[in-house]
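[1] A predicted structure for the sequence below; I have some questions about it.
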Amino acid sequence: MAATVRGAVRELLEQTMATMNALLEASDRELPMPSSHACAQGKDVWTLITNDIDHEKIHTGQVLEGRYESRLTASPMDRLIAEWLAERARFIGSLVGLTDEQFNAETAPGQWNYRVVAKHVLALEQDSLKTMAVDRAARPGDGLAR
């Protein structure tokens, strides 16, 4: 694990993509199959993966409790980033499982298709970041660079 927070976040995000790809390559038929991993508790792949999810929730609680007890409250920007990241994960999760055909189909008759919705989310975000950068550059010597 990287020695810096940004490095650790990068590693975790990269592993998120690797795990998502591995799980997407698997099928629902694999979930009830036996797993030899100790965390599967002598059961199946479903138990193994849900145990991993629960394990992460437990350690999220551990980190949050440690920060609380140590009075390591997130700054407003840190909190904003954390909430945005959680929402991005929910958005990506809402797309998982769609076929490419479904992804390019309308969400409802006469409405945008899922791909256009995803493109819109990215375009709005990119425009917001661009505006922030332009506004920051226009402020004389504000010294607010992070």
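    It's in. Numbers count the residues shown, from 1 in each chain.
[2] can you list the weak-confidence ranges in this protein?
    Counting by pLDDT under 70, the chain has low-confidence residues at 142-146.
[3] The residue sitting nearest the centre point of the chain sits in which helix or strand?
    Among the residues of the chain, the one closest to the centroid is Ala89, at 3.4 Å (C-alpha atoms, centre = their mean). Counting by DSSP states H and E, the element that carries Ala89 is helix 76-95.
[4] which other helices and strands contact that helix?
    helix 114-138 (3 or more C-beta pairs under 8 Å, 6 or more residues apart in numbering; DSSP states H and E). Glycine gets a C-beta too; all of them are placed from N, C-alpha and C.
[5] could you redo the last one with a cut-off of 10 Å?
    helix 5-25, helix 114-138 (3 or more C-beta pairs under 10 Å, 6 or more residues apart in numbering; DSSP states H and E).
[6] which strands and helices sit next to the very next helix or strand once past the shortest one?
    Next in sequence after helix 5-25, counting helices and strands by DSSP H and E, comes helix 45-69. Packed against helix 45-69 by the contact rule (3+ C-beta pairs under 10 Å, 6+ apart) you find helix 5-25.
[7] got a list of contacts for the helix it packs on?
    1-2, 4, 30, 45, 49, 52, 78, 81, 85, 89, 92-93, 96-97 (C-beta atoms under 10 Å, 6 or more residues apart in numbering).
[8] quick one: Val121 and Trp84 touch, right?
    No: using C-beta atoms under 10 Å, Val121 is not in contact with Trp84, being 11.4 Å away.
[9] buried sites along the helix holding Ala89?
    By 16 or more other C-beta atoms under 10 Å, helix 76-95 has no buried positions at all.
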